[in-house]
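Novice: from the sequence below, what's the structure:
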Amino acid sequence: MSQMPHDQTEASHGRPDWGALIFACLLAVAVLVFAWSVVSTARRTTDWLLIAPGAMIAAFAFIYAGIVDLRIKRHVADLAVKARSEAAQPVILIGLTCVFAGAAPFIGFDLGSGIFILLCLLVQGERCWWKLALASIGGAAVMSWVFVDLLMVRLPVIFL
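Specialist: I've put the predicted structure just below:
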């Protein structure tokens, strides 16, 4: 009897993924070339003050991501199952954001923010009641204070 061919993921399981590192390095070079072109054509320091540090951070992040991809993935199947089970979370969170944006003018920014934070934490798996209360009430209070009192944004509020 002949053996069945191995799955593609099993065959490449022990080998590092050099393509990811090469791609990450190319992205880092592209970001640094862009930053250099901005710095070389800048007239004043304010023209490049945010671009150069941001480009260096982005280049470092690309290279770090490429190096991390070289590590051998031992629990790929477990990660795939976990990712599939959490696949609906982003869609639910986007839906909650749309509902919050539509309902805030009617129920108030402060009450809507508290309910929004509470529901988002529940979707993400938080079940401790005091953490939910602290985050939703505290978060709504801080956001309302920042927008209404500090930034002077006219928002419909009920309690604050």
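
Novice: mind checking the longest helix of the chain?
Specialist: helix 18-41 (DSSP state H).

Novice: who are the packing partners of that one?
Specialist: Applying 3 or more C-beta pairs under 8 Å, 6 or more residues apart in numbering; DSSP states H and E, one finds that helix 18-41 contacts helix 45-48, helix 51-68. No exception for glycine: its C-beta is placed from N, CA and C like everyone else's.

Novice: and the chain, what are its domains?
Specialist: 8-83, 89-150 (automatic domain parsing).

Novice: contacts only, for the residue lying closest to Ala55 once chain neighbours are set aside.
Specialist: Excluding its sequence neighbours, the residue lying closest to Ala55 (C-beta to C-beta, 6 or more residues apart in numbering) is Ala35, at 3.3 Å. Ala35 makes contacts with 48, 51-52, 54-56, as judged by C-beta atoms under 8 Å, 6 or more residues apart in numbering.

Novice: so which of those comes closest to Ala140?
Specialist: Closest approach to Ala140 among those (C-beta to C-beta): Gly54, at 31.8 Å.

Novice: how many neighbours does the closest one have?
Specialist: 12 (other C-beta atoms under 10 Å).

Novice: repeat that for Arg154.
Specialist: 7.

Novice: measure the nearest residue in space to it that is not next to it in sequence to Gly108 for me?
Specialist: For Arg154, ignoring the flanking residues on the chain, the nearest one in space by C-beta to C-beta, 6+ apart is Val148 at 7.9 Å. Per C-beta to C-beta, to the nearest Å, Val148 is found 11 Å from Gly108.

Novice: give me the common contacts of these two.
Specialist: Overlap of the contact sets of Val148 and Gly108 (by C-beta under 8 Å, 6+ apart) consists of Val157.

Novice: which pair in the contacts of Ala35 spans the largest distance?
Specialist: Once C-beta to C-beta is applied, the contacts of Ala35 give Trp48 and Met56 as the farthest pair, at 11.7 Å.
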